[in-house]
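Undergrad: coords please:
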Amino acid sequence: MKSRALLILFVIVAGVIGGFLILRDGKAPQLTFYPSDGSVSANSPPNLTLEDSGTGLKDLTVTVTQDGKETSLVAISFPAGTTRRTVPLPLNKLGLKDGPMVIDIVAADNAMLANHAKRKLTVAYDNQPPSISVLTTAHNLNQGGSGLVMFRVSEKVRRAGVQVGKYFFPAFPQQGGVYACLFAFPHDVSPGEFLPRLVAVDLAGNERKSGIYFHTRLKPVKSDRIEINQAFLSEKMPDFQHFFPDTRDPLKLFLRVNGELRAANVATLKELPEKTAGKPLWQGAFLRLPKAAPRAGFNEQRDYYTDGQKVDHQTHLGLDLASLAASPVPAANSGTVIYAKELGIYGQCVIIDHGLGLQSLYSHLSSIAVTDGKQVTKGQIIGNTGTTGMAGGDHLHFGILVNGIEVEPKEWLDQHWINDNFTNKWNQAVGTAK
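TA: Down below sits the predicted model:
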């Protein structure tokens with residue numbers, strides 16, 4: 001009898017406590033509306049996230065009003081115990097027209113004295129993509145080279161730039177509403193697949209694609225045969241052992257470094273455009289390492305051999321320049337240092353951002369004289385040449401990148417090319433913008 005009485009008492013107390021908590025829940029559900037700027041379309045419909053960590057969500061109603069006409073959009077009840085739910089708000093079947101509309105939201109929880117969250121939002125319904133007006137005309141690109149297109153868009157955009165196959169090159173807003181986009185004809189894109197398209201996505205998610213006039217020029221591809229002997233493996237591979245501690249065979253280690261580590265380093269390069277400035281930081285032609293002889297060029301196809309057998313193949317992307325050992329390396333142009341440390345196969349490495357996604361790379365250095373975030377001017381010494389990384393001898397591997405994609409550096413060393421492909425276009429478009 002005593003046990004039964006205790007059980008009854010426990011049930012009564014639990015009920016009282018539960019009822020007290022239900023009655024005591026004084027917090028209404030939390031509502032989060034996306035997109036926060038209130039620009040919506042059929043292509044980019046909004047959604048609503050509801051949260052209630054107390055008694056949980058009970059129900060939700062959403063209505064839409066435009067031009068005095070009210071339409072029910074959502075009316076749902078939630079299963080018991082639901083504390084969080086994201087609800088899509090499909091607008092494409094309501095027969096809405098472009099313009100403002102009001103969304104009324106009411107959400108309730110499961111408290112005995114239910115708490116209601118109410119929100120009235122005025123949003124812009126927009127199903128029209130932005131228009132694009134191209135300001136530049138001649139876009140002549142070498143395979144592996146760079147180009148500039150400048151254009152206007154008719155409204156604020158979430159994203160704008162040039163799409164080339166799998167590659168996207170972002171555009172940057174300049175004065176007078178002009179957008180500037182440096183893009184590339186990537187070395188691994190065939191002429192038949194190179195079809196640059198301007199892309200603009202407005203705040204409501206509507207996308208416009210537009211073609212540009214362009215002309216391409218092919219460049220002959222050189223091949224190189226590189227012998228990997230035991231002396232090279234014995235000298236270089238210990239530097240990379242910590243990357244692959246489970247691989248002890250020197251040749252197998254070389255293949256992993258030349259393949260896996262190279263791919264990881266390239267992935268790092270593709271992350272660096274996030275640090276770029278939105279305007280040009282450079283002026284004029286880029287500087288070449290003084291009194292240096294070329295040792296390898298851009299897009300050279302390298303076959304690696306050991307004991308007469310081909311063991312690997314890679315593409316050399318950059319310009320190898322050899323001078324005296326430990327020669328001072330000048331910054332090719334003005335900009336901001338965004339990387340100044342070791343980078344795998346590149347060894348000791350400095351990368352300078354010049355704005356608009358344009359960056360220069362200096363690798364295999366024996367010493368580094370700058371730090372991340374440092375502003376440098378054209379010609380300022382940033383380090384010394386060396387043999388770090390996968391260098392077979394003292395030299396500078398000099399690279400130019402457009403949005404993380406390595407491009408032909410020789411173009412940027414040529415003032416005539418820069419005038420035709422950047423400066424003249426920039427001045428004409430900015431002049432138009434005034």
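Undergrad: does H116 really touch I105, like I thought?
TA: No. With contact defined as CB atoms under 8 Å, H116 does not reach I105; the gap is 10.3 Å. Using the backbone N, CA and C atoms, a C-beta is placed for each residue, glycine as well.
Undergrad: who's more crowded, these two?
TA: Neighbours per residue (other CB atoms under 10 Å) separate H116 from I105, with I105 holding more: 21 against 13.
Undergrad: could you say what helices and strands the stretch of helix or strand that one belongs to packs with?
TA: Using DSSP states H and E, I105 sits in strand 99-109. Counting contacts by 3 or more CB pairs under 8 Å, 6 or more residues apart in numbering; DSSP states H and E, strand 99-109 packs against strand 30-34, strand 57-66, strand 116-125.
Undergrad: Quick one: distance of stretch 289-308 to the chain centre.
TA: In terms of CA atoms, centre = their mean, to the nearest Å, the centre of stretch 289-308 is found 30 Å from the chain centre.
Undergrad: first to last residue in it, what's the distance?
TA: End-to-end distance for stretch 289-308, by CA to CA, to the nearest Å: 35 Å.
Undergrad: what do you get for stretch 26-35?
TA: 28 Å.
Undergrad: rewinding a little: just put the helices and strands packed on strand 99-109 in JSON lines and tack on distance to L358.
TA: Below are the helices and strands packed on strand 99-109 laid out as JSON lines (distance: least, CB to CB, whole Å):
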{"stretch": "strand 30-34", "distance to L358": "34"}
{"stretch": "strand 57-66", "distance to L358": "46"}
{"stretch": "strand 116-125", "distance to L358": "35"}
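Undergrad: between these, which one is nearest to P186?
TA: Among the helices and strands packed on strand 99-109, the nearest to P186 by CB to CB is strand 30-34 (34.4 Å).
Undergrad: Can you name the element that comes right after the closest one?
TA: strand 39-40.
Undergrad: what residues does that next one touch?
TA: If you take CB atoms under 8 Å, 6 or more residues apart in numbering as the criterion, strand 39-40 is touched by P46, L91, V123, A124, Y125, D126, D202, L203, A204, G205.
Undergrad: Likewise for stretch 90-105?
TA: For stretch 90-105, the external contacting residues (CB under 8 Å, 6+ apart) are 31, 33, 40-42, 45-46, 48, 60-66, 71, 73, 89, 117-128.
Undergrad: Need the phi and psi values for L269.
TA: phi -60, psi -40 (degrees, to the nearest 10).
Undergrad: make that K410, sorry
TA: Torsion angles, degrees, to the nearest 10, at K410: phi -60, psi -30.
Undergrad: Would you confirm that it contacts F298?
TA: Yes. Assessed by CB under 8 Å, K410 is found in contact with F298 at 7.1 Å.
Undergrad: before we move on, the earlier item: buried deepest among the helices and strands packed on strand 99-109, which one?
TA: strand 57-66 (a mean of 18; mean count of other CB atoms under 10 Å).
Undergrad: show me where pLDDT drops low in this protein?
TA: Residues of the chain meeting the criterion pLDDT under 70: 1-25, 432-434.
Undergrad: again, 50 this time
TA: Within the chain, the stretches with pLDDT under 50 are 13, 16, 20-23, 434.
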